[in-house]
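>>> quick one, structure for this:
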Amino acid sequence: MNSEPTATDTNELLEFTYRLGQAYVASGEQTALVELYLRRVASAYGMRQARVVAFPTAIFISVHDGEQERVTLAPAPTQILRLDQIADVYTLGEAAQRAELTPRDALTRLTELLRSPPRFGRIVEIVGHTILSIGVALILMPALRNLAAAAVLGAIVGTLRAFNWDRPILAAPSSVVAAALVSVMVFLGLKYGLPVDPQYALMPPLVSFLPGGVLTFGMVELAYGDMVSGASRLLTGVVELVLLAFGLAAGAVLVGYSPENLMDATTDSVPAPWDVLGPWVGVVVFWIGVYLTFSAPRRSSWWMLLVLLSAFGAEQVAAALLNKEISGFFGTLVATPLGYLIYKRFKGPPSMVTFLPSFWLLVPGAMGLLKVKQLIVDPTRSNGLISVAFVLASIALGTLVGASLYKWLTETFDRWELQIGRVGRYLRRAEKR
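Residues are numbered from 1 along each chain as shown. Take a look at the predicted model:
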């Protein structure tokens, strides 16, 4: 595939490149890296002067085929990708950066993977969402009543989500409907005497709607200096949180309660040893739920669990020794280089597949929703949103430092391997003499 592409090839390359860029953006990738990957693809197919500008809302691509410049503009992606599709997108992108297949074949493969059905059926996806909700409940407050509420409500929201997955135009309304439905059921249970804890029962079923990854990557892009992409992603995440909070408040009002009741919680303590073991068991349960709900790719399960446990362990240690606001820094500081190491050195799944669930686990979205609910209850408590911004900044900084740490470690070890190889060759030549 190293021959100069024809004019027809240029058109196909442009179409494949912008659609691959849309898939990268839909995967949650940073726009700076999307631009880098697409330039590498164009260069691999002989377009040495490609220019790419990527935003979460649009992608601009310009290539020169030796005769004239071709320009294309692609809108933002609307499809929501599963973890197995994200893995396939990165695998295809790696192959395209080496020009291992023609643009037409690459475009065909991209179309097929974007249309591919989930690895598991809808029933398994609903069961997975139920397990996912129970895992979050175990992490937040492992009381039996919270686990029961998470199981019932998680199954209901999972059903709604499973039948709305391939309808992105309804994504925003479905989050509001899901939040309102959960709120109505929780407060109906409270009204009829069920031992329901609104503060801890409302959050777990909605975990799949929380924009933790969007908020985190938005802050990362701002830290990189990409103001447009970072601001747009942060604003998108904040709007999603507001919509969820609106749905929760509306559900409470429909049953006859006020938004102030969203923060109601009992003060019962969790008996030992569940107060310590519960969150760790919750991580394992959360891992199973993520694997089933988001159709994780084959041979990725144990790598995902390793990254989740490592990130959660680092966060817990940092929270105990320092404070919770900066504990996310240490969680992503561990998860980011570990994800790259698994992908690059151990031929595991793409790093996005392994550390995306870690961002969900560190729950910046859940904390943001909690603070938005507090703001609805008491508009004067804006300091809560400041703490959310601080947590997001710490997680973004951990991601940046973690990526830099991985780069430094690999460069250092590669130099050591090179020196050791040179010494080995010198000794072998000396023996022959």
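>>> tell me which residues of stretch 103-113 come out buried.
Across stretch 103-113, burial judged by 16 or more other Cβ atoms under 10 Å covers 103, 106-107, 109-110, 113. Where C-beta positions appear, they are placed from N, C-alpha and C, glycine not excepted.
>>> just the C-alphas of it, formatted as PDB.
C-alpha atoms of stretch 103-113 as PDB (Å, rounded to 0.1, in the frame of the first residue of the first chain):
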ATOM      1  CA  PRO A 103      -8.700   3.200   2.300                       C
ATOM      2  CA  ARG A 104     -11.700   1.400   0.800                       C
ATOM      3  CA  ASP A 105     -11.200  -1.800   2.800                       C
ATOM      4  CA  ALA A 106     -10.500   0.300   5.900                       C
ATOM      5  CA  LEU A 107     -13.800   2.200   5.400                       C
ATOM      6  CA  THR A 108     -15.700  -1.000   4.900                       C
ATOM      7  CA  ARG A 109     -14.200  -2.500   8.100                       C
ATOM      8  CA  LEU A 110     -15.000   0.800  10.000                       C
ATOM      9  CA  THR A 111     -18.600   0.700   8.800                       C
ATOM     10  CA  GLU A 112     -19.000  -2.900   9.900                       C
ATOM     11  CA  LEU A 113     -17.600  -2.400  13.400                       C
END
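>>> residue numbering should commence at 428 henceforth.
With 428 as the first residue, the last one maps to stretch 530-540.
>>> and it, how far out from the chain's middle?
Chain-centre distance of stretch 530-540: 24 Å, with Cα atoms, centre = their mean, to the nearest Å.
>>> contact partners of it?
For stretch 530-540, contacts defined as Cβ atoms under 8 Å, 6 or more residues apart in numbering pick out 432, 436, 439-440, 442-443, 446-447, 450, 472, 512, 515-516, 519, 522-523, 528.
>>> for the residue most central in space within the chain, what are its contacts?
Taking Cα atoms, centre = their mean, the centroid of the chain lies closest to L783, which sits 3.6 Å from it. L783 makes contact with 455, 510, 513, 640, according to Cβ under 8 Å, 6+ apart.
>>> CA atoms of stretch 718-731 as PDB?
What follows is stretch 718-731 as a C-alpha-only set of coordinates in PDB (Å, rounded to 0.1, in the frame of the first residue of the first chain):
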ATOM      1  CA  TYR A 718     -17.900  -5.900  31.400                       C
ATOM      2  CA  LEU A 719     -21.500  -7.000  30.700                       C
ATOM      3  CA  THR A 720     -23.200  -3.600  30.300                       C
ATOM      4  CA  PHE A 721     -20.700  -2.000  27.900                       C
ATOM      5  CA  SER A 722     -19.800  -5.300  26.000                       C
ATOM      6  CA  ALA A 723     -16.100  -5.200  26.900                       C
ATOM      7  CA  PRO A 724     -13.800  -6.900  24.200                       C
ATOM      8  CA  ARG A 725     -12.600 -10.400  24.600                       C
ATOM      9  CA  ARG A 726      -9.400 -11.000  26.700                       C
ATOM     10  CA  SER A 727      -9.900  -7.600  28.400                       C
ATOM     11  CA  SER A 728     -11.600  -8.600  31.600                       C
ATOM     12  CA  TRP A 729      -8.600  -9.300  33.900                       C
ATOM     13  CA  TRP A 730      -6.700  -6.300  32.600                       C
ATOM     14  CA  MET A 731      -9.800  -4.100  33.400                       C
END
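>>> show me the shaky parts of the stretch 528-677 of the chain.
Counting by pLDDT under 70, the stretch 528-677 of the chain has low-confidence residues at 592-599.
>>> correction: the previous question concerned the stretch 678-827 of the chain.
686-699, 790-816.
>>> roughly how far does F773 sit from S470?
Note on F773: its distance to S470, by Cβ to Cβ, to the nearest Å, is 28 Å.
>>> the two - which one has more neighbours?
Set F773 next to S470 and count neighbours by other Cβ atoms under 10 Å: S470 wins out with 15 against 9.
>>> spatially nearest residue to that one (excluding sequence neighbours)?
A477 (6.5 Å; Cβ to Cβ, 6 or more residues apart in numbering).
>>> ok, the one you found to T529 distance?
Separation of A477 from T529 (Cβ to Cβ): 17 Å.
>>> looking at those two, which one has more neighbours?
A477 (21 against 16).
>>> show me the contacts for the more buried one.
Neighbour list for A477: 444, 465-466, 469-470, 488-491 [criterion: Cβ under 8 Å, 6+ apart].
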